[in-house]
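1. For reference, the sequence and a predicted model appear below.
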Amino acid sequence: ACTIPDGEEHKTLDTVAGLYDQFLDGGLDRSGGVISLGGGVTGDIAGFAAATFMRGVPFVQVPTTLLSMVDASVGGKVGVDLPQGKNLAGAFKQPALVVIDPGVLATLPADEVRSGMSEAIKHGIIGAPDLFAELEAPHSGSQFPMSVTQLARALEVKIQVVEADPFEEGRRAVLNLGHTVAHALERLSDFSLRHGEAVAIGMVAAARISAKLGRAELSLPDRLEAALAAWGLPTRCPPHGVDEIWEAMAHDKKRRGRALRWVLPHAIGHIEIADAVPRQVVAFVLTGMGARSEE
């Protein structure tokens, strides 16, 4: 078995190089493969190593967190961070197999469950209004945060989008709802902010930007914020400077030329991809959510 350090701060090329050494020491060749057992960070690193070792060896995902089950383990995007931003070195590597055992969710700490619920709620917003309606209601407090049926429904949303656009050339970008702001906040927090927490804040920002531009139902931002808050997820922006957040967003690989690419919800189940959102609108929304004005 190969091991890597825990945490987003270790999602680096140095960690991948360490995996290459372990692969070689263990005699891995192209007749073998890599099995990733862990959360989303583990899968991203192991998948990138599998995609690039000997020009590619088979890859299997065994996700153990809610976030990786509903999001990171399917879709084939793998990679690591550079100092300038998240996932700037990566590849598309579809797993040969994804094995999900919901039973391991009972072993997760509460903050890991919350982080995963953010992505499940995101999938409801993107393409499953019925799932969103179920998740915005108070949950039963049962052993699992979601039923197996709900878990499968969240997965179906991502699978359908990925199958239609496997290399993120168009529609697949809707899966990045909330991520434009989220990746910037993660980086500014030195990754002390969990991915799902950052995505929750980013989704609220996207909904408020959409409403400010007159594109969203007026009730959408408050409805989304209430659903996230019901699961204990943050909905306020940390007090970073607006200019600081904008600069961090400018390094995001999802931009198009000089324009940031935004995923804006119009309603639950209705999403738009937009490249031209005025900076002053973004600043207004983020300041209203708690970011520090730098005027």
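-> It's in. Residues are numbered from 1 along each chain as shown.

2. what's the distance between the closest residue to A72 other than its chain neighbours and L66?
-> In space, and not counting its chain neighbours, A72 is closest to G40: 3.4 Å by CB to CB, 6 or more residues apart in numbering. From N, CA and C alone the C-beta is placed, and that goes for glycine too. Counting by CB to CB, to the nearest Å, the gap from G40 to L66 is 10 Å.

3. residues contacting G85?
-> Counting by CB atoms under 8 Å, 6 or more residues apart in numbering, G85 makes contact with 183, 187, 248, 251-253.

4. So G40 and L66 - more neighbours on which side?
-> The neighbour comparison of G40 against L66 (other CB atoms under 10 Å) goes to L66, with 29 against 26.

5. Not including adjacent chain positions, what is the nearest residue to the more buried one?
-> G116 is the one closest to L66 (CB to CB, 6+ apart), at 2.6 Å.

6. Which residues are in contact with the residue nearest to A72?
-> G40 sits next to 63, 65, 67-68, 71-73, 195 when contact means CB under 8 Å, 6+ apart.

7. now, which of these sits nearest R153?
-> Nearest to R153 out of the contacts of G40 is D71 (CB to CB; 13.3 Å).

8. measure the residue nearest to L66 to V204 for me?
-> Going from G116 to V204 by CB to CB gives 18 Å.

9. So which of these two has more stuff around it?
-> Taking other CB under 10 Å, G116 and V204 do not tie; G116 has more neighbours (31 against 25).

10. quick one, phi psi at the more buried one?
-> G116 adopts backbone torsions of phi -70, psi -30, taken as degrees, to the nearest 10.

11. what's around E272, how many residues?
-> When neighbours are defined as other CB under 10 Å, E272 has 14 of them.

12. can I assume it sits in a strand?
-> Yes. Under DSSP: H, G, I helix; E, B strand; the rest coil, E272 sits within a strand.

13. tally of neighbours for S31?
-> Neighbourhood size, S31 [other CB under 10 Å]: 7.

14. residues touching A184, list them.
-> By CB under 8 Å, 6+ apart, the contact list for A184 reads 245, 248-249, 252.

15. what bridges to V78?
-> Counting by DSSP bridges, V78 forms beta bridges with A91.

16. residues touching it, list them.
-> 43-48, 50-51, 59, 90-93.

17. which SSE is S118 in?
-> helix 110-127 (DSSP states H and E).

18. so what pLDDT did the residue nearest to L66 get?
-> pLDDT, G116: 94.

19. next one: R256
-> For R256, the pLDDT comes out at 65.

20. about what we covered before: which one of the contacts of G85 sits closest to R261?
-> D252 (8.1 Å).

21. Over to the closest one. Which of the three states is it?
-> With three-state DSSP as the basis, the three-state label of D252 is coil.

22. all strands in the stretch 151-295 of the chain, in order from the N-terminus.
-> In the stretch 151-295 of the chain, the strands defined using DSSP state E, counting those that start in this stretch lie at 262-267, 270-274.

23. of all the ones you listed, which gets the most neighbours per residue?
-> Neighbour counts (mean count of other CB atoms under 10 Å) averaged over each of the strands of the stretch 151-295 of the chain peak at strand 262-267, with a mean of 21.

24. Noted, bye for now.
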